[in-house]
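Visitor: Mind looking at a prediction? Sequence and model below.
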Amino acid sequence: RHRVLSGMQPSADSLHLGNYLGALVNWVTVQDDFDAYFFIPDLHAITVPQDPEDMVKRTRVAAAQFIAGGIDPERSTLFVQSQVPEHAQLAWILMCMTGMGEAQRMTQFKDKAARQGAEAAGVGLLAYPMLMAADILLYQPHGVPVGDDQRQHVELTRDLAQRFNSRFGETFVVPTGFYPENGARIYDLQNPTSKMSKSAESPNGLINLLDDPKVIAKRIKSAVTDDGTEVRFDREAKPGVSNLLSIFAAFSERTIPELEEAYAGKMYGHLKVDLAEVVVERLAPIRTRALELLDDPAELDRLLSQGALKAREVAGPVLADVYSKMGFQPPS
Ligand code: TYM
């Protein structure tokens, strides 16, 4: 069976709707057809300052949400990045194969570095995509299910895999990004030209999986819509309504044209009320299940440690092959 692999940072107290529709929904689907690896990239989270106590908590919260959202830890391998030392080891090698200009061109690096101020930004921010490439290449996955904002990082990973293969001989599988049809880019509800993100200025534009259903309904109902009254998908002229339509399509069996037809002649308010109902109905059981799982942190920790052992069985031999191809002397 082909493999897939993906990860989500433990950098907030809950996953948000972008994480869910951009990635988690696809993770659950690919489990059926692939040997799947899902992990929590805690090493990535420290490229911006993190509180250690939050890190412990947020790592478990992420794991609980993956499982509550439909990841089966018996079928798929679920683990924490820092428990598999091969990630950091391969990252170093890939950093040595990446050009400075190539790394500086990454838009996520440019955004985050700009936010921190050029002087304050750490080297980790620049190295981040090479660690992500290592995460991926260690498992030889065929596919990487992610949202659209990770596209450039997946492309860099492909370049690095090809570069390594041509320099040192066939080693890595060159992976493909798997992007969802409707949820690949979910925008902030209050600011629908920016992507939904945990670092948003106001929480009102954000829907968190662990939010109270009442809060979720309220945020959808107060989402910014656009001038005019027509419910129509038009990213340029109607970013607010278009975002609501993509969310709706991602949650239902209906396509965007079907939704446009269903809401022809109706007001934005109708769309919002119905969407709020659909979203709450889907997310409420995930929240309940995640909170139950969090009542037993020891069990979550056990599942994650078990996952790390399984992950190392794959990552260990791949790293050993890389070391040997580079001419590193094995211990005798
Ligand atoms: P992260 O933790 O920021 O996001 C996790 C996943 O959620 C998707 N996503 C979105 N999708 C749609 N709309 C949005 N507004 C939105 N916001 C986030 C992301 O595309 C991602 O799929 N670098 C990665 C984590 C990572 C990783 C990896 C992923 C580290 N190593 C290896 C795949 C493979 C990141 O920061 O995602």
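Guide: Structure received. Only a predicted model underlies this, so the values are computations on that prediction, with no experimental measurement involved.
Visitor: what's the distance between the closest residue to residue 82 other than its chain neighbours and residue 152?
Guide: Ranked by Cβ to Cβ, 6 or more residues apart in numbering and with sequence neighbours excluded, the top spatial neighbour of residue 82 is residue 42, at 5.0 Å. Heads up, the C-betas are built off the backbone N, CA and C, glycines and all. Plainly put, residue 42 is 22 Å away from residue 152 if you go by Cβ to Cβ, to the nearest Å.
Visitor: who's more crowded, these two?
Guide: residue 42 (21 against 16; other Cβ atoms under 10 Å).
Visitor: Just confirm residue 36 is within a strand.
Guide: Yes: under DSSP: H, G, I helix; E, B strand; the rest coil, residue 36 sits within a strand.
Visitor: Quick check, the residue nearest to residue 82 in contact with residue 57.
Guide: No: at 11.8 Å, residue 42 and residue 57 do not qualify as touching, with contact defined as Cβ atoms under 8 Å.
Visitor: what's near enough to touch the closest residue to residue 149 other than its chain neighbours?
Guide: Sequence neighbours aside, residue 195 is the residue nearest to residue 149 in space, at 6.1 Å (criterion: Cβ to Cβ, 6+ apart). Counting by Cβ atoms under 8 Å, 6 or more residues apart in numbering, residue 195 makes contact with 18, 149, 185, 186, 187, 188.
Visitor: now, which of those residues sits nearest residue 230?
Guide: Set against residue 230, the nearest of those by Cβ to Cβ is residue 187 (19.0 Å).
Visitor: In contact with that closest one, which residues are there?
Guide: Contact partners of residue 187, counting by Cβ under 8 Å, 6+ apart, are 193, 194, 195, 196, 239, 243.
Visitor: can you tell me which residues contact the closest residue to it other than its chain neighbours?
Guide: Distances taken as Cβ to Cβ, 6+ apart place residue 243 nearest to residue 187, at 4.4 Å, with adjacent residues excluded. By Cβ under 8 Å, 6+ apart, the contact list for residue 243 reads 186, 187, 189, 192, 223.
Visitor: 10 Å - rerun?
Guide: Residues near residue 243 by Cβ atoms under 10 Å, 6 or more residues apart in numbering: 185-189, 192-193, 195-196, 205, 223-225, 233, 235.
Visitor: right, and the pair among those with maximum separation?
Guide: Spatially, the most separated pair among the contacts of residue 243 is 205 and 233, at 19.6 Å (Cβ to Cβ).
Visitor: More neighbours: which of those two?
Guide: When residue 205 and residue 233 are compared for neighbours, residue 205 comes out ahead with 22 against 17, by other Cβ under 10 Å.
Visitor: wait, doesn't the more buried one sit right on residue 192?
Guide: Yes: counting by Cβ atoms under 10 Å, residue 192 is a contact partner of residue 205 at 8.2 Å.
Visitor: Leaving out the residues flanking it, which one is nearest to the residue of the stretch 1-150 of the chain at minimum distance from the ligand?
Guide: Taking Cβ to the nearest ligand atom, the ligand has its nearest neighbour within the stretch 1-150 of the chain at residue 22, 2.0 Å off. Leaving aside its sequence neighbours, residue 22 sits nearest to residue 147 (Cβ to Cβ, 6+ apart; 2.8 Å).
Visitor: quick one on the thing from earlier: next, show the common contact partners of residue 205 and residue 192.
Guide: Shared contacts of residue 205 and residue 192, counting by Cβ under 10 Å, 6+ apart, come down to 223, 224, 243.
Visitor: what's the distance between the helix or strand of the chain with the lowest mean pLDDT and the middle of its chain?
Guide: Ranked by mean pLDDT, DSSP states H and E, the helix or strand of the chain with the weakest confidence is helix 107-116, at a mean of 90. Averaging C-alpha positions (Cα atoms, centre = their mean, to the nearest Å) puts helix 107-116 18 Å from its chain's average.
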